[in-house]
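Student: need coordinates for the following:
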Amino acid sequence: MFSSKLTLASLASIVPSVLAGFDASAQSNVAVYWGQNSFGQATSQTRLSTYCTNSKLSIIPLAFMNGIKTPITNFANAGDNCTVYAGTQLLNCPQLEEDIKTCQSEGKTILLSIGGATYTEGGFTDSASAESAAQSVWDLFGSDTTKDNRPFRTAVVDGFDFDFESVTQNFVPFATKLRSLMDGDSSKKYYLSAAPQCPYPDAAMNDMLNGAISFDFIMIQFYNNYCGIQSFVPGAATQNNFNMQTWDDWASQTSKNKDVKILLGVPANTGAGGGYQPASALAPIIQFSKQFASFGGVMMWDMSQLYANAGFLDDVYASLTGSAVAARGVAAEAEAATTLATKIRARATPAPVLG
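Tutor: The predicted structure follows:
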């Protein structure tokens, strides 16, 4: 006996109605960078709160704080709604203050991403200056909202992301101090993430990734490199270039936090990075990645590219949750039920009387 109603109910029970922030127990986290408007149109990046009602998004790193020793923040066209604190290069953003709080009320994990392609300071000359800089970053974005020149004013981020793309020095003491400040604040849970490129070890951040710093999750850039998603071979149990296996080994053997999660970083559109793959090609890559205990979801660059690529988020999320497969099963079962009911009715209908 077919029961499409029961099957649909079962489907609803396995697909969450609201996806909150980062979940270390899930493989369906979706992180999307916001702030750089890489699609490049005047209207392709709207205010942050616009995106936070989307239940498929869980983590939003704000890009970027691209100066540390000389604190600088840059959020592309979103900066048009900010002013600059006198005597600094820091933005004063009341709209972002409001939007961060709105997004957090929607359950999103809001991180500040430090670095980016335009970061050129190269790190710090010694440990003392690195630790001092970490304290400064915490004062600007942490829980003490009485500090001066805070870009997000009274809004407090949920943690920090490191996105360094060239060789740096003395970032271990910087990250150690920042992690200590986060862990010492009992007001809420804070997260630390990094976005290394896929070649292992990462040239820019290996000192931090080599067991020195406890990361909650890392969002690996599987694009712009030979080991990116474009090198995945469907059906092959062993991948020669796509190196999720290598990073899973890192998670269990080298990472300071052995429960660290790995997000598969992908371009969200054709112009977002080398090696873009449509959602249909990503589906088997996601399925392959799910076999690894460290796999935690997908990261996308960036929000402006994603929202210009209709259907991409829905399809990727369906691959993460299995909802596409389940939905196809429901449809097939419902069709079979309809066919069977039609046959039964046909058998029960009296033959016409010919006159």
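
Student: thought residue 169 was touching residue 124?
Tutor: Yes - the criterion here is Cβ atoms under 8 Å, and residue 169 meets it with residue 124 at 6.7 Å. For every residue, glycine as well, the C-beta is placed using N, CA and C.

Student: and these two? Which one has more around it.
Tutor: residue 124 (21 against 12; other Cβ atoms under 10 Å).

Student: which ones are touching the more buried one?
Tutor: By Cβ atoms under 8 Å, 6 or more residues apart in numbering, the residues touching residue 124 are 69, 130, 133, 169-171, 173-174.

Student: in this protein, which ranges drop under the pLDDT threshold?
Tutor: 1-19, 324-355 (pLDDT under 70).

Student: identify the bridge partners of the residue lying closest to residue 162 once chain neighbours are set aside.
Tutor: Once flanking residues are discounted, residue 162 sits nearest to residue 194: 4.4 Å by Cβ to Cβ, 6 or more residues apart in numbering. Beta-bridge partners recorded for residue 194 (DSSP bridges): residue 162, residue 218.

Student: cool, and residue 262?
Tutor: residue 218, residue 295.

Student: hang on, isn't it packed against residue 292?
Tutor: Yes - if you go by Cβ under 8 Å, residue 262 and residue 292 touch, sitting 7.3 Å apart.

Student: all strands of the stretch 101-250 of the chain, in order?
Tutor: Counting by DSSP state E, counting those that start in this stretch, one finds strands in the stretch 101-250 of the chain at the ranges 109-115, 159-163, 191-194, 217-221.

Student: and the longest one, what other elements does it pack with?
Tutor: Just to be clear, that refers to strand 109-115. Here strand 109-115 touches strand 59-67, helix 94-105, strand 159-163, strand 191-194, going by 3 or more Cβ pairs under 8 Å, 6 or more residues apart in numbering; DSSP states H and E.

Student: which one of those lies nearest to residue 304?
Tutor: The closest of those to residue 304 is strand 59-67. By Cβ to Cβ, the value is 10.9 Å.

Student: if we go by neighbour counts, what in the closest one is buried?
Tutor: 59-67 (16 or more other Cβ atoms under 10 Å).

Student: next: stretch 199-211.
Tutor: Result for stretch 199-211 [16+ other Cβ under 10 Å]: buried residues 200, 202, 204-205, 207-209.

Student: swap in stretch 103-117?
Tutor: 103-104, 106, 108-116.

Student: and if you look at stretch 180-200?
Tutor: 181-182, 190-198, 200.

Student: switch those residues over to CSV; also include distance to residue 250.
Tutor: Conversion of the buried residues of stretch 180-200 to CSV gives the following (distance: Cβ to Cβ, whole Å):
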residue, distance to residue 250
181, 26
182, 22
190, 23
191, 19
192, 16
193, 15
194, 12
195, 14
196, 10
197, 13
198, 11
200, 7
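
Student: what's the farthest-apart pair in those?
Tutor: It's 181 and 198 that sit farthest apart of those, by Cβ to Cβ, at 29.9 Å.

Student: closest one of the buried residues of strand 59-67 to residue 270?
Tutor: The closest of the buried residues of strand 59-67, once distances to residue 270 are taken by Cβ to Cβ, is residue 63, at 19.9 Å.

Student: surely that closest one touches residue 114?
Tutor: No - the pair residue 63 / residue 114 is not scored as a contact, 9.3 Å apart, by Cβ under 8 Å.

Student: what do these two both touch?
Tutor: residue 163.

Student: on that earlier part again, gap between the residue nearest to residue 162 and residue 141?
Tutor: Distance, residue 194 to residue 141, by Cβ to Cβ, to the nearest Å: 17 Å.

Student: again with residue 185
Tutor: 12 Å.

Student: same question for residue 295.
Tutor: In terms of Cβ to Cβ, residue 295 sits 29 Å off from residue 141.

Student: kindly report the same for residue 227.
Tutor: Distance from residue 227 to residue 141, by Cβ to Cβ: 32 Å.

Student: same question for residue 246.
Tutor: 33 Å.

Student: of the two, who's got more company?
Tutor: residue 141 (23 against 16).

Student: pull the contacting residues for the closest residue to the more buried one other than its chain neighbours.
Tutor: Spatial nearest neighbour of residue 141, excluding adjacent residues (Cβ to Cβ, 6+ apart): residue 157 at 5.0 Å. Contact analysis of residue 157 by Cβ under 8 Å, 6+ apart lists 62, 100, 110-112, 141-142.

Student: and residue 157, its phi and psi?
Tutor: phi -70, psi 170 (degrees, to the nearest 10).

Student: now the helices for the chain?
Tutor: 4-14, 94-105, 127-141, 171-183, 206-209, 244-253, 279-289, 303-307, 312-321, 323-348 (DSSP state H).

Student: using a markdown table, please lay out the strands of the stretch 101-250 of the chain together with distance to residue 311.
Tutor: Formatted as a markdown table, the strands of the stretch 101-250 of the chain follow (distance: least, Cβ to Cβ, whole Å):
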| stretch | distance to residue 311 |
| --- | --- |
| strand 109-115 | 25 |
| strand 159-163 | 27 |
| strand 191-194 | 27 |
| strand 217-221 | 22 |
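
Student: looking at those strands, which is closest to residue 87?
Tutor: That would be strand 109-115 among those, by Cβ to Cβ, at 21.7 Å.

Student: hmm, who's touching the closest one?
Tutor: By Cβ under 8 Å, 6+ apart, strand 109-115 touches 21-22, 33, 35, 58-66, 68, 100, 103-104, 137, 141, 157-165, 191, 193, 195.
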